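> just need the structure, nothing else, for what follows:
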Amino acid sequence: MPTDLADRSSTLKPDTLTRAEIPDVYTWDLRDIYATWTAWEHASQDLDAKIAEFAAMAGTLAEGPERLLAAFRLSETMGQVAGQVAAFASLTHDQDQRDNAVTARRQQVDILIAKWIESSAWFKPELLQIPHATVTAWQDDVEALRLYRFAIDDLYRQQEHVLDGPGERLMSLTTRVGQAANEAYSALSTADVRYPSIRLADGSEVVVSYGNYRSILATKRDQADRAAAFAALHGMYRNHINTYATLYDGVLQNSWFVARARGYGRSLDGALHGDNVPASVVENLIATTRAGTAPLRRYHRLRKRVLGLERYHIYDESIPLVEYDKAYGYTDILESLVESTAPLGAAYQARMREGLHGRWIDVYENEGKRSGAYSQGVYGVHPYMLMNYNDTLDAVFTLAHEMGHTMHTILSDEHQPYVYHRYTIFVAEVPSTLSEALLLDQMLAQASDRDERIVLLQHAIDGILGTFYRQVLFADFELQAHHLVEQGQPVTADVLSELYLSLLAIYYDDTIEYDEDVRATWSRIPHFFHYPFYVYQYATCYASSAQLAKAMTQGSPREQQAAVSRYLTLLASGGNDYPMAQLQKAGVDLASPEPVQAVVAQLDELIDRLEVELGASPR
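Reported below is the predicted structural model:
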């Protein structure tokens, strides 16, 4: 049953970092997946048996549509069980990544899934040996097989990049090897990390954990405090910079190996082909954004002037332009978050309340817990959200962001069969950024004084900088780093650091001071190591969500309702079509430069509004 948080004071936010002292109401309840580790073990054994059963089906597909249908259905069953087994282990692991017993179970899952991939490697090559016309005729004759039409057609579309049986088996054997670099990154940056401590200007000593670091940059008005936190955290990475470079080279080499093995000319092509996204989308995004950096620079020059700083650094980006010390207690903001989604309807809001009050969320930071935030779907159960909530405005919007992902997962899982429930990364960040936009609009409308409006306008601007410009810069870095490997160039810590520094200069120009520690920033971006060619999609999704939010909140009531209907259809469509086609149906065409150019114009307009509130001289 959902737990009522309304009567629990936000003062229950724990001062300790010990998980055992955090009230259960602020932790997720993984018993919705499995009640015990014994139940998890039984499910793992069941999955192992099904893997053997699927492997035994090799060589039977040509016998007819019934055999193909049986293979699809067994594959779906394995997928659902594997998702639950993996989620239970990984979510438990992320509560405290120092727990070696749980780490072992998580590795046990990895081994089992690698076995599944290996034992399933025969399926695609064998299916592709059957003429497409034959399979289409089977679907016409057997109604249950028609469900898989899009999945089958998409497989034939990618036929030239699917290897033969032995080739696919060989590729499956590389799965664990390919994960080694990002697993090592997690261990080095989280499990084995020893956070440094600094003494602040007020005499207090603080541990610079990831959560505290972000809080210091967003709340400490003494520039020396921000500088100390920046130096401490980045120094932690700089001390192992050569190791991080070696790990990233491993990620790059793995991407290039997979691309070449499957016949792609570049790693980027291999990464995008599965979603049928042309490489020009990424390349045009980078080129259009580079051409639109003037508002970015304008904003930082304004900040330097308003803050009265002689020297303006990258760690000065987050501090509010005015002093508005308001703590946003977790329980205090939940209903406002729900209310902000009123344009999406009462049914949408009811599902949000269920997630917010049903122990789907692990709220606060504790020792050994994974940093950052995410929403993880568990098909057949419900999504789970990891937070490291710290009562800042940034944390409020992070919660809105992850709840957008959660609602996307809920609607997708409820409306799509397993084969199509998983939406692509290309659309994944649309509902998360739109959720933030709706919350911002509500908070701005309710802002009671000038300082609050300034803080919220700054947050809107910072959202564009963080979710759009910074992610494009990251995508730029990532694309060029992959090019180094593709061209046979060395990838060292110095090479990567110089590359990152050169890109900062392209985007920021002379608006910031280029501290030595800035060079190490690339090493603390987890997406580089875990999800190659992911970050550009934050930017494309931001552009898409901005256009969708405008359509849902402007125009006639009929036009707004039509836009809402298209948007909810997008969320409910899962992966039943190619992502660019899904967005086009919702009203966004990312093949054109207009959505990106609109974001640049939006930033300029927000800075105009901010200058008015500040009483600052324009431009």
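
> use CA for all of it now, contacts and neighbours both
OK.

> what sits against the closest residue to N576 other than its chain neighbours?
Closest residue in space to N576, ignoring its immediate chain neighbours: Y420 at 5.3 Å, by CA to CA, 6 or more residues apart in numbering. Taking CA atoms under 8 Å, 6 or more residues apart in numbering, we find Y420 in contact with 574-576.

> go on, A350?
Neighbours of A350 in contact, by CA under 8 Å, 6+ apart: none.

> which element is it on?
helix 346-357 (DSSP states H and E).

> then that helix to CSV, C-alphas only?
The C-alpha trace of helix 346-357 is given here as CSV (Å, rounded to 0.1, in the frame of the first residue of the first chain):
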residue,chain,number,x,y,z
ALA,A,346,-6.1,13.9,-13.7
ALA,A,347,-5.3,10.3,-14.6
TYR,A,348,-1.7,11.2,-15.2
GLN,A,349,-1.6,13.0,-11.9
ALA,A,350,-3.1,10.0,-10.0
ARG,A,351,-0.4,7.7,-11.3
MET,A,352,2.3,10.3,-10.2
ARG,A,353,0.9,10.3,-6.7
GLU,A,354,1.1,6.5,-6.6
GLY,A,355,4.8,6.6,-7.5
LEU,A,356,5.6,9.4,-5.1
HIS,A,357,3.9,7.8,-2.1
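
> so for that helix, what gets flagged as buried?
348-349, 352, 355-357 (16 or more other CA atoms under 10 Å).

> give me the mean pLDDT for it.
Averaged across helix 346-357, pLDDT comes to 96.

> could you shift the numbering so residue one becomes 521, and keep it that way?
Yes, from this point I'll number from 521; that puts the last item at helix 866-877.

> dump the buried residues of helix 866-877 to CSV, plus distance to R689.
Shown next, in CSV, are those (distance: CA to CA, whole Å):
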residue, distance to R689
Y868, 44
Q869, 46
M872, 43
G875, 40
L876, 43
H877, 45
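
> ok, so of those residues, who is nearest V901?
G875 (11.8 Å; CA to CA).

> grab the nearest non-local neighbour of that closest one.
I881 (7.7 Å).

> pretty sure that neighbour contacts L906?
Yes - shown here, I881 and L906 form a contact pair, counting by CA atoms under 8 Å, at 5.9 Å.

> so how far is the helix holding A870 off the chain centroid?
How far helix 866-877 lies from its chain's middle: 22 Å, per CA atoms, centre = their mean, to the nearest Å.

> likewise stretch 985-993?
Worked out by CA atoms, centre = their mean, stretch 985-993 lies 13 Å from the chain centre.

> surely V826 forms part of a helix?
Yes - counting by DSSP: H, G, I helix; E, B strand; the rest coil, V826 is found in a helix.

> roughly how far apart are it and Q600?
Separation of V826 from Q600 (CA to CA, to the nearest Å) stands at 54 Å.

> before we move on, what about S1085?
29 Å.

> for this protein, just list every one of the strands.
717-719, 725-727, 881-882, 894-896, 904-906 (DSSP state E).

> which one, of the ones you listed, ends up nearest to T1073?
Comparing these under CA to CA, the one sitting nearest is strand 894-896, at 26.2 Å.

> just the CA trace of stretch 634-641, in PDB.
Provided in PDB are the C-alpha atoms of stretch 634-641 (Å, rounded to 0.1, in the frame of the first residue of the first chain):
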ATOM      1  CA  ALA A 634      25.900 -13.000 -21.000                       C
ATOM      2  CA  LYS A 635      25.000 -16.600 -21.200                       C
ATOM      3  CA  TRP A 636      21.600 -15.700 -22.400                       C
ATOM      4  CA  ILE A 637      23.000 -13.400 -25.200                       C
ATOM      5  CA  GLU A 638      25.400 -16.200 -26.200                       C
ATOM      6  CA  SER A 639      22.700 -18.900 -26.300                       C
ATOM      7  CA  SER A 640      20.400 -16.600 -28.300                       C
ATOM      8  CA  ALA A 641      23.100 -15.600 -30.900                       C
END
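
> neighbour count for I881 and L906, which is higher?
L906 (26 against 23; other CA atoms under 10 Å).

> point me to the residue sitting farthest from the middle of this protein.
E583 (41.9 Å; CA atoms, centre = their mean).

> relative to L647, how far out is that residue?
In terms of CA to CA, E583 sits 11 Å off from L647.

> what does M756 give?
50 Å.

> state the mean pLDDT of the lengthiest helix in the chain.
The longest helix of the chain (DSSP state H) is helix 585-615. For helix 585-615, mean pLDDT rounds to 96.

> what comes up buried for that helix?
So, applying 16+ other CA under 10 Å, buried residues of helix 585-615: 585, 588-589, 591-592, 595, 597-615.

> same thing with stretch 617-629?
Buried-residue list, stretch 617-629, by 16+ other CA under 10 Å: 617-618, 622-623, 625-627, 629.

> out of those, which comes closest to A814?
Nearest to A814 among the buried residues of stretch 617-629, counting by CA to CA, is Q617 at 42.3 Å.

> I'd assumed T710 was in contact with that closest one.
Yes - with contact defined as CA under 8 Å, Q617 counts as touching T710 (7.4 Å).

> need the overlap of contacts for those two.
Joint contacts of Q617 and T710 (CA under 8 Å, 6+ apart) are 888, 890.

> low-confidence ranges, this structure, go.
Along the chain, segments meeting pLDDT under 70 span 521-536, 1136-1139.

> now do the domain split for it, please.
The chain is divided into the following domains under automatic domain parsing: 553-693, 699-860+912-1139.

> where does the last one sit relative to the chain's centre, distance-wise?
When C-alpha coordinates are averaged (CA atoms, centre = their mean), domain 699-860+912-1139 and its chain have centres 9 Å apart.
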